[in-house]
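Asker: predicted model follows, preceded by the sequence.
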Amino acid sequence: MDRNPSPPSSEAEEEGDAVGNTVYSKHWLFSILTRLIEVISPEKTEPSVSPEGIQTELDEEMENDICKVWDMSMDEDVALFLQEFNAPDIFMGVFAKSKCPRLTEICVGILGNMACFQDICMSISKDENLGQVLLQRLCDSDSPTLLETSRLLLTCLSQPEVASVWVERIRENPSVYDCVCFIMSSSTNVELLVKVGEVVDKLFDLDEELMLNWIKNGTCRSVGPSVDDSPEELPDFKIVPCILEAAKQVRSDNPEGLDVYMHILQLLTTVDEGIQAIVQAPDGGKETWSLLYDLICHELCQPDDPPIIVQEQKTVLASILSVLSAMFASQSEQEYIKMRKNMPLIGSLIRILQYMEGCGKRSVDNSKDSEQQETGRADLNEEDFHLKILKDICCELLSNMLQELTKENTLEGLHQGHLNEQTCSCAFQNLLPLYFTSVESFLEVLREADQTLADNLEKRFPSLKVHA
């Protein structure tokens, strides 16, 4: 979407005409609101004009002026002025009467800017009629309008004072689920998919009950009120396939978007119903596993990446490995889980641990080289916290996978280069002592496959030899 035109810069000429402490003119703003009312409520209506003749395009001057208001609404004084002169009510009229997508988009965008200020956000959020109309915008067929609606919802959901109002409103509107799933499963607009994903992520994070309702919607549908401009004949959506489809769309163009959708999947695995929704899909969860496996083994944290890449990718890696770990623990009988198909995944897990060791050494070296300010220490602690989460998840999955290895699997891993003295040492270093049983079990299998390597590892980790 093109950048909006810059707001008018001329100073208000009349005394007392300035909006707050800005140079913007009250008179000019009021004139635009008046013209906006005229656009949707013309004084003279031609009886001969057919419904097809309703204005669907803004004239250039009006579009430029209303876009200036859009930019100006990022200023709190302007936002308060618009609130005082009932701009939200005027926008309600636009949503109800206008057939011009661009005008609807701009009005939702202005509301989104206004909602950035707490008092105005509370006023907008508590207006039940406006709230319902805004949720109906999620069923719009215009991508820019959907994008601005999603931004507005995310802004409101991010305000603790009103988040619960929107969660409850969305929970009581089954059509929101349909429209969101429709967007995730069919849109190719990456920017829109990312923003809708952020809304879903925030909703699931805020309210487990809503997440459970959406998980169950695929099998026990709730029928909500129909919306005139909603997509016709919506299919019976299930949440997991829709999330996967959106993730595939954003994976190559938007790393942040991929992070969002992987975190949504991770949130699903925090409840039993979510795990079951993933693994009891018609394909038994194969599509989910294949996508996450491909990301870990072929896209993220690759052999030709510098070790510091794990710092950049730590949150998306943690989400993906958390889902894989939950699936591995619950789907041991599925063919795609079998270890003979997943030796490269073991190699990738160990590489992540190796890269984290490199990052840890780098952090220690940096702290020795220079004294850090308090803010620097806080940032470093936060980095260490996220890396620790990633390490814990990585080690849990690796230990479970090592316990499942057979002699044949191990021989294949040695042949493919995923297992050798260096990688096994890294694995043992990170798994011991917490996952001693898994390491001991793997060492017994390794001894059958490569006695020399097993002996060398026992020498490097004496605690294993004591228990042998």
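Answerer: Perfect, I can see it now.

Asker: surely Ile66 touches Leu33?
Answerer: No - the criterion here is CB atoms under 8 Å, and Ile66 misses it with Leu33 at 9.6 Å. Quick note: C-beta positions are derived from backbone N, CA and C, even for glycine.

Asker: higher neighbour count, those two?
Answerer: Ile66 (24 against 18; other CB atoms under 10 Å).

Asker: low-confidence regions, the stretch 251-400 of the chain specifically.
Answerer: The model of the stretch 251-400 of the chain has pLDDT under 70 over residues 332, 360-383.

Asker: rerun at 80
Answerer: Low-confidence segments of the stretch 251-400 of the chain (pLDDT under 80): 331-333, 358-383.

Asker: can you pull out the helices in it?
Answerer: 255-268, 272-279, 286-294, 309-312, 314-330, 343-369, 374-403 (DSSP state H, counting those that start in this stretch).

Asker: dump the ones you listed to CSV, plus mean neighbour count and distance to Pro303.
Answerer: CSV is the format used below for those (neighbours: other CB atoms under 10 Å; distance: least, CB to CB, whole Å):
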stretch, mean neighbour count, distance to Pro303
helix 255-268, 23, 19
helix 272-279, 19, 29
helix 286-294, 19, 16
helix 309-312, 19, 11
helix 314-330, 23, 15
helix 343-369, 18, 7
helix 374-403, 16, 17
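
Asker: in JSON lines, list those helices along with distance to Asn420.
Answerer: As requested, those are exported to JSON lines (distance: least, CB to CB, whole Å):
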{"stretch": "helix 255-268", "distance to Asn420": "30"}
{"stretch": "helix 272-279", "distance to Asn420": "33"}
{"stretch": "helix 286-294", "distance to Asn420": "22"}
{"stretch": "helix 309-312", "distance to Asn420": "20"}
{"stretch": "helix 314-330", "distance to Asn420": "22"}
{"stretch": "helix 343-369", "distance to Asn420": "10"}
{"stretch": "helix 374-403", "distance to Asn420": "15"}
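
Asker: and those helices: which comes nearest Gln159?
Answerer: helix 255-268 (19.4 Å; CB to CB).

Asker: can you pull out the residues in contact with the closest one?
Answerer: Applying CB atoms under 8 Å, 6 or more residues apart in numbering, the external contacts of helix 255-268 come out as 190, 193-194, 197-198, 200-201, 204-205, 211, 215, 239-240, 243, 246-247, 250-251, 274-275, 277-278, 288, 292, 295, 313, 315-316, 318-320, 322-323.

Asker: try it again at 6 Å.
Answerer: 194, 197-198, 200-201, 204, 243, 246-247, 250-251, 274, 315-316, 319-320, 322-323 (CB atoms under 6 Å, 6 or more residues apart in numbering).

Asker: try stretch 97-111
Answerer: 40, 54, 56, 58, 66, 70, 73, 91, 94, 142, 144-145, 148-149, 152.

Asker: ok, of those, which come out buried?
Answerer: Buried members of the contacts of stretch 97-111, counted by 16 or more other CB atoms under 10 Å: 40, 58, 66, 70, 73, 91, 94, 142, 144-145, 148-149, 152.

Asker: nearest to Gln334 among those?
Answerer: Distances from Gln334 to those, taken by CB to CB, are shortest for Thr149, at 39.0 Å.

Asker: ends of stretch 260-278, what's the gap?
Answerer: 17 Å (CA to CA, to the nearest Å).

Asker: how far does it sit from the chain's center?
Answerer: 13 Å (CA atoms, centre = their mean, to the nearest Å).

Asker: if we can go back for a sec, to Ile337, which of the helices of the stretch 251-400 of the chain lies closest?
Answerer: helix 314-330 (6.1 Å).

Asker: okay, the angle between the closest one and helix 255-268?
Answerer: Here helix 314-330 points in a direction 30 degrees away from that of helix 255-268 (axes from the mean of the first three to the mean of the last three CA atoms, to 10 degrees).

Asker: and for the residue positioned nearest the centre of the chain, nearest residue in space, chain neighbours not counted?
Answerer: Central residue of the chain (CA atoms, centre = their mean): Val260, 2.2 Å from the mean position. In space, and not counting its chain neighbours, Val260 is closest to Gly197: 4.2 Å by CB to CB, 6 or more residues apart in numbering.

Asker: mind checking pLDDT for the one you found?
Answerer: As predicted, Gly197 sits at a pLDDT of 98.

Asker: equivalent analysis for Val19, please.
Answerer: So, for Val19, pLDDT stands at 74.

Asker: what's around it, how many residues?
Answerer: Val19 has 22 nearby residues by other CB under 10 Å.

Asker: that one and Lys26 touch, don't they?
Answerer: Yes - counting by CB atoms under 6 Å, Val19 does reach Lys26; the two are 5.5 Å apart.

Asker: I'd like to know how far the nearest residue to Leu300 once chain neighbours are set aside sits from Thr452.
Answerer: If the residues on either side of it in the chain are set aside, Leu300 comes closest to Gln313, at 5.3 Å by CB to CB, 6+ apart. Computed with CB to CB, to the nearest Å, the distance linking Gln313 and Thr452 is 35 Å.

Asker: now do the phi/psi pair for Thr406.
Answerer: Main-chain torsions, Thr406, degrees, to the nearest 10: phi -100, psi 180.

Asker: same question but for Ser187, I mixed them up
Answerer: According to degrees, to the nearest 10, Ser187 has phi -80, psi 150.

Asker: measure it to Leu146 for me?
Answerer: 8 Å.

Asker: circling back to that earlier point, show me which of Gln313 and Thr452 is the more surrounded one.
Answerer: Neighbours were counted for Gln313 and for Thr452 using other CB under 10 Å; Gln313 has more, 21 against 9.

Asker: distance of the more buried one relative to Pro255?
Answerer: 8 Å.

Asker: can you tell me the SS state at Met74?
Answerer: Classification of Met74 using DSSP: H, G, I helix; E, B strand; the rest coil returns coil.

Asker: ok, it to Cys116 distance?
Answerer: 7 Å.

Asker: how about Leu203?
Answerer: For Leu203, the distance to Cys116 - CB to CB - is 19 Å.

Asker: quick one, grab the pLDDT at Ile106.
Answerer: pLDDT, read off for Ile106, is 97.

Asker: what about it, neighbour count?
Answerer: Neighbourhood size, Ile106 [other CB under 10 Å]: 24.

Asker: next, it: phi, psi?
Answerer: phi -60, psi -40.

Asker: just to revisit the earlier point, okay, Leu203 and Cys116: which has more neighbours?
Answerer: Of the pair Leu203 and Cys116, Leu203 is the one with more neighbours under other CB under 10 Å, namely 24 against 17.
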